[in-house]
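K.L.:
Following is a predicted model, sequence given first.
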Number of protein chains: 4
Amino acid sequence: MSETSPASVVPDDAPGLGEHADGPDRLVALSDGIFAIAMTILVLNISVPSGLGRADFRHALHDTWSQLGAYALSFAVIGGRWRDHRRVFQLIGRTDGTVVHLCLALLGAVALLPFPTALVADYGGSEPLAVTYYAVVVGAINLLLLALFLRAWRRPALQARPIPERLARGTIVDFGAASLIAVAAIVVAFAVSPGAGLLTWLAAFPAGVAARRLRGEDAFSD
Amino acid sequence: MSETSPASVVPDDAPGLGEHADGPDRLVALSDGIFAIAMTILVLNISVPSGLGRADFRHALHDTWSQLGAYALSFAVIGGRWRDHRRVFQLIGRTDGTVVHLCLALLGAVALLPFPTALVADYGGSEPLAVTYYAVVVGAINLLLLALFLRAWRRPALQARPIPERLARGTIVDFGAASLIAVAAIVVAFAVSPGAGLLTWLAAFPAGVAARRLRGEDAFSD
Amino acid sequence: MSETSPASVVPDDAPGLGEHADGPDRLVALSDGIFAIAMTILVLNISVPSGLGRADFRHALHDTWSQLGAYALSFAVIGGRWRDHRRVFQLIGRTDGTVVHLCLALLGAVALLPFPTALVADYGGSEPLAVTYYAVVVGAINLLLLALFLRAWRRPALQARPIPERLARGTIVDFGAASLIAVAAIVVAFAVSPGAGLLTWLAAFPAGVAARRLRGEDAFSD
Amino acid sequence: MSETSPASVVPDDAPGLGEHADGPDRLVALSDGIFAIAMTILVLNISVPSGLGRADFRHALHDTWSQLGAYALSFAVIGGRWRDHRRVFQLIGRTDGTVVHLCLALLGAVALLPFPTALVADYGGSEPLAVTYYAVVVGAINLLLLALFLRAWRRPALQARPIPERLARGTIVDFGAASLIAVAAIVVAFAVSPGAGLLTWLAAFPAGVAARRLRGEDAFSD
């Protein structure tokens, strides 16, 4: 059979080994798993040594506030990126190699986030490098989300349904702005202070909500 | 196309980027993942150092009883909340931004529980603060379950099917009572002793079963 | 509406809050998650300190053989129990509270197994207690599988399809025998040696395969 | 009923306890879970001690580069094997005991990979044994993927649809070549240097892409 031409063996609508590989179901299942695990192992950064006396225990428990803050921040960041991932994959009816590679790179950045989270918890108040590391990883996640969306937008064959241009533009602005804010946080962390860098970045949350409100997205857009 | 009115681009029944985002499938998959991981990493709190002699090994193994107790307690607590989550999401046919945010906040509290579990295992017998921390997190989970249910109950558009009022009232009583018991456990932990606080809280299990029996829920209600 | 009788509010085929809760889909998803995580975090028991010289590195790497053996054993044990769980849940079309509670207890024992696995890796050659702990947890998993199957077998309303009596008997023998072997391993571990206890238990694998062959189950029974 | 012949109790198309066990759905769900967890817990190998001064912090952060490299490598390796697993299971419509056992063995090797990843991060620059360990595990994963594919290819009863011979040959070449490259990396690691062994292995990525291009697989083959 290998003597016949490929076209006769594998017709256009029966890609053989790759058949049904186009569907995003397993890629979405892998993604949900990695998002869920990355969100849950954040808690492993929070601990109090055992065997302490009362005064030391209370002191150690008090010291976990920065770790708890970093936990809440990263849980919200990953949760928010999961929503973005869900939005993009609602548009995707088929996957190709580029979509799979972009998604795996995105998941690699998501799964890495617990490490810079620990850096920010321990050194976020004093070391600009810790905030920078965190911002670079979050910025990379946003850029990869943008790249995934652009891939889906430019390839109608990958789309589950046509993407309205107004929504495409809004999504590009959302993901692009999120990437820019990460860069701004790095600059502020070095020019002003690491804490100011974090605050710059936190300011993006209400700005994003306001932007979505201005575009008139209703309560059911999620 | 951005000059045309949104309504003409995106008809009422085709919300575009948000299309099919309303379905709770991926939110439920993420939730099951986080519940499963939070339940499984509880075991990381239980350990015996390697390289001990026989007497020290037996002593160290004996000392894991409090960790095993905390493991069993938190596994039951998270498992029970997973059942509640399943009950609520059986009623939800569509999600909106509020449901997603409430669910993510709930998952953030669930994923945090391994930390106060470790606190209770190590300090539950002597430190009211350890029991308080645990009770606050469990109380927050119960309150967020209540908020999720109320959101679904008040928005018929989100419901998979109409919610009978009798069941709505029973659910509100269940979730509200669970939240109140967490508060009571905190008070008892400080006023009497940490152990009494834990016992207060354990007493809620048979009370909940009795309450459900009284309301006549049959064996198939789960 | 709460004044009307329950029957009028909630007809037999519309159990309201519990509606569709009967389906095992989410319980199976939670189970697959916990089985997968318990199997994967076994690897966290295997480690070599960093910064060693060549001789010390090779010595430390050699010392990981017992941890690797315990990893392989527990991975096979949990994988095998996952197959049993899958077999039981193929029969279950609806769940009730008892099925959910039995399944959660089973998952609690599965998620605990990484701890006795570490005990066996570190102390399995010298401490009967380590082997006993392991055997008790595996025995409990087998007993809970048996209980789950019995519940499904005795309640036709829970069955996805009628269970042939021959297969029911074979399953009961399988799960019961596995529980008995765990007890035998404990006795041998104390009476002879911990290593002999482990070997007793390992001998059960070929015996199980032989038993299934004798009953004439074909290659597609899994 | 046990007196009647098996054939009369269990007709050919109703395998009873094993019924619907043939479907790969739960095996795929377990696999996605284990792949996702193995990819995510890789991050636990990367850490910086807390409480360091600025100079020590920067030094420690700089030292994480090798761990970050090992993280990226293993994330890509497991992600790539997940794609191969997905390709194979697109062809499988039913499972038998051999498929389940091969898949569980494959998952056992995947879940083990975080350990040799840590070895390579800490000792990859100086110890051939570390690179060898890594290559053996990756080679085993590739061989088990090959075995899974061969099982599916030779048993038409297991196939979701007929497998074109051209694609079968391409897959066998792919998986066999990946196994051979792992062996080559071991040889080079011992004969030349551990670093050269790793580079040998990295060279396989572009070679694999080139091979697939030469066979004319289009962008939608994934």
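P.N.:
That came through, no problem. Numbering: from 1, shown residues only, chains lettered A, B, ... in the order given.

K.L.:
use CA for all of it now, contacts and neighbours both
P.N.:
Noted.

K.L.:
Point out the other helices and strands that the one helix or strand A:Val173 maps to packs with.
P.N.:
Using DSSP states H and E, A:Val173 maps to helix A:165-191. Applying 3 or more CA pairs under 8 Å, 6 or more residues apart in numbering or on different chains; DSSP states H and E, we find helix A:165-191 packed against helix A:128-154, helix A:194-202, helix A:204-214.

K.L.:
Give me the residue at the spatial middle of chain A.
P.N.:
Relative to the mean C-alpha position of chain A, the nearest C-alpha, by CA atoms, centre = their mean, is the one of A:Arg81, at 3.8 Å.

K.L.:
State the distance from it to A:Phe75.
P.N.:
With distances taken as CA to CA, to the nearest Å, A:Arg81 is found 10 Å from A:Phe75.

K.L.:
A:Leu145 and A:Val173: what is the separation?
P.N.:
From A:Leu145 to A:Val173 the distance is 12 Å (CA to CA).

K.L.:
If you count surrounding residues, which of the two has more?
P.N.:
The residue with more neighbours, out of A:Leu145 and A:Val173, is A:Leu145; 25 against 14, by other CA atoms under 10 Å in any protein chain shown.

K.L.:
thought that one was touching A:Asp84?
P.N.:
Yes. Applying CA atoms under 8 Å, one finds A:Leu145 in contact with A:Asp84, separated by 7.5 Å.

K.L.:
Tell me the residues on chain A that lie near chain B, please.
P.N.:
Within reach of chain B by CA under 8 Å from any CA of the partner chain, chain A has these residues: A:29, A:32-33, A:35-37, A:39-41, A:43-44, A:46-48, A:50-51, A:54, A:72, A:75-76, A:79, A:86-88, A:90-91, A:163-168, A:219-222.

K.L.:
For the helix or strand that contains A:Gly69, name the packing helices and strands.
P.N.:
Using DSSP H and E, A:Gly69 maps to helix A:65-91. When contacts are defined as 3+ CA pairs under 8 Å, 6+ apart, helix A:65-91 packs onto helix A:25-41, helix A:114-123, helix A:128-154, helix B:97-112.

K.L.:
got the buried residues for it?
P.N.:
Residues A:66-68, A:70-72, A:74-91 are the ones in helix A:65-91 that count as buried (16 or more other CA atoms under 10 Å in any protein chain shown).

K.L.:
just to revisit the earlier point, could you check the angle helix A:194-202 makes with the helix holding A:Val173?
P.N.:
170 degrees (axes from the mean of the first three to the mean of the last three CA atoms, to 10 degrees).

K.L.:
Pull out the buried positions in helix A:165-191.
P.N.:
Buried residues in helix A:165-191 (16+ other CA under 10 Å): A:166-168, A:171-172, A:174-179, A:181-183, A:185-190.

K.L.:
Measure how buried A:Asp63 is and give me the count.
P.N.:
15.

K.L.:
ok, back up a step: can you say which of the helices and strands packed on helix A:165-191 is packed in most?
P.N.:
Among the helices and strands packed on helix A:165-191, ranked by average contacts under mean count of other CA atoms under 10 Å in any protein chain shown, first place goes to helix A:128-154 (a mean of 22).

K.L.:
sorry, back to before: pLDDT averaged over the helix holding A:Gly69 - what is it?
P.N.:
Per-residue pLDDT over helix A:65-91 has a mean of 94.

K.L.:
what angle separates that helix from helix A:25-41?
P.N.:
170 degrees.

K.L.:
now helix A:65-91, how far from the centre of its chain.
P.N.:
7 Å (CA atoms, centre = their mean, to the nearest Å).

K.L.:
Now do that helix against helix A:97-112, angle only.
P.N.:
Using the same axes, to 10 degrees: helix A:65-91 against helix A:97-112 is 170 degrees.

K.L.:
For chain A, give the residue positioned nearest to chain C.
P.N.:
A:Gly33 (8.8 Å; CA to the nearest CA).

K.L.:
Wait, that residue touches D:Ala38, no?
P.N.:
No. A:Gly33 lies out of contact with D:Ala38 (CA under 8 Å); the separation is 10.6 Å.

K.L.:
Tell me which residues are up against stretch A:40-55.
P.N.:
Applying CA atoms under 8 Å, 6 or more residues apart in numbering or on different chains, the external contacts of stretch A:40-55 come out as A:57, A:60-61, A:64, A:67-68, A:71, A:74-75, A:114, A:117-118, B:34, B:37-38, B:111-112, B:114-115, B:119, B:122-123, B:127.

K.L.:
Report the buried members of these.
P.N.:
Buried among those (16+ other CA under 10 Å): A:57, A:61, A:64, A:67-68, A:71, A:74-75, A:114, A:117-118, B:34, B:37-38, B:111-112, B:114-115, B:119, B:122-123, B:127.

K.L.:
and chain D, which of the helices and strands packed on helix A:165-191 is closest to it?
P.N.:
helix A:128-154 (8.2 Å).

K.L.:
mind showing which ranges of chain A have poor pLDDT?
P.N.:
Residue ranges of chain A with pLDDT under 70: A:1-21, A:204-205, A:208-209, A:211-222.

K.L.:
Repeat the analysis, applying 80 as the threshold.
P.N.:
A:1-22, A:189, A:194-195, A:197-198, A:200-222 (pLDDT under 80).

K.L.:
Many thanks, have a good one.
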